[in-house]
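J.: Provided below for reference: sequence and predicted model.
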Amino acid sequence: MRIVKNNKLFKRLLIIFLALVVVACVVVPIPYYIEEPGETIDLKELITVNNQKDNDKGSFSLTSVGIRRATVFSALKAKTEPFHEIISMDELTGGASDDEYMQIQEFNMETSQNFAIEQALKLANKSYEMDYKGVYVLGVEDNSNFSGKISVGDTVTKADGKSFTSSEEFMKYVKAQKVGQKMTVTYIHDDKVKEATEKLIKLPTDKKPGIGITLTDHTEIDSQDEVKIDAGDIGGPSAGLMFTLEIYEQLSDKDLRQGKKIAGTGTINSDGEVGRIGGIDKKVASAAASGNQIFFAPNDEITKEMKKAQPGIKSNYEEAKAAAKKLKTDMKIVPVKTVQDALDYLAKMK
């Protein structure tokens, strides 16, 4: 009788254990993420120019990659689904902390918007000025004496009380000092002006003095034409091209789309060049599922160095074409190197 009771107890405990394992596999996150087709968003919903909305037919849409924390169950499921990819935390963030990664993504989005507005204003022959706000901090070296004070996402505005008009001018001043010399850096952290005084270090790249940060210009557009972009929690620089086209459509009052649904991706810079992005196959899948007829893809150059580092690497355009073929979609993939390439295609479109 005792043996029978023990067997029943063992079975119950085993069932409970297995149930807990199943729940853990489904619910408990693991240190991996799943990249998958995200949203395709009509930019009419996000952008207004001079307080007016775009009411013309057709659409310019940004495309996105969805990212979610993986569980054992979702990771195994993702292995069987097309256009789903499992990546590590380091692959996603580049070794940055979650907060640093989000700060960088927000800055990349802000910069993308500024470049897009600038390009659209140029194309529409509208006047504007570029206001320099300071040096944006993209990274802080571990051996920097300013580590723990200056953080990713801060904006450096002065060095030893001196202001600058570009990051190049800022770096020129710092490099003209001496290794070990103390420098007072003024910076903005969480909208508060702060100061830190520390010794300069010797940079491993050129052996010159530096404060040990990765930096870029922090600028804003000043124009009589008011452009508002409400991107919500979308981050990164990859919507630059599509932002540019939508803003230009509104500024110029031209019917660029001719009623067609047009999606795409690609960074934009101050010269109007369209740059490479990640996850383009997932963006093609998202755009096709949303019924878009045309997809603009960066036709980026693959250098010998890139091929050596990543054998088999393809341009964004080649990746997009392969994804469209796999999907068996009629959506036309159009290669672009500049925003003007996209405009030229739209002008000839039937």
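T.: Everything's here; your move.

J.: Please tell me how far the nearest residue to residue 52 once chain neighbours are set aside sits from residue 78.
T.: Distances taken as Cβ to Cβ, 6 or more residues apart in numbering put residue 250 closest to residue 52, at 7.0 Å, once the chain neighbours are dropped. Placement of C-beta: from N, CA and C, glycine included. Computed as Cβ to Cβ, to the nearest Å, the residue 250 to residue 78 distance reads 39 Å.

J.: just residue 300 next, same as before
T.: 27 Å.

J.: Neighbour count: the two, which is higher?
T.: residue 300 (22 against 19; other Cβ atoms under 10 Å).

J.: before we move on, the earlier item: just the element for the residue nearest to residue 52, please.
T.: helix 240-252 (DSSP states H and E).

J.: now for the helix or strand following that helix, which elements pack on it?
T.: Using DSSP H and E, the helix or strand that follows helix 240-252 in sequence is strand 261-264. Here strand 261-264 touches strand 59-71, helix 240-252, helix 280-289, strand 294-298, going by 3 or more Cβ pairs under 8 Å, 6 or more residues apart in numbering; DSSP states H and E.

J.: Swap in 10 Å and give it another go.
T.: strand 29-42, strand 59-71, helix 240-252, helix 280-289, strand 294-298, strand 332-336, helix 339-348 (3 or more Cβ pairs under 10 Å, 6 or more residues apart in numbering; DSSP states H and E).

J.: Next one, pLDDT for the residue nearest to the spatial centre of the chain please.
T.: Centre of the chain computed as the mean C-alpha position; nearest residue by Cα atoms, centre = their mean is residue 236, 1.6 Å away. Residue 236 is assigned 86 on the pLDDT scale.

J.: Any idea how far apart the tips of stretch 222-237 sit?
T.: Stretch 222-237 has an end-to-end distance of 20 Å (Cα to Cα, to the nearest Å).

J.: Now do the buried residues in that stretch.
T.: Across stretch 222-237, burial judged by 16 or more other Cβ atoms under 10 Å covers 223, 225, 227, 229, 231, 234, 235, 236, 237.

J.: Perfect, that will be all.
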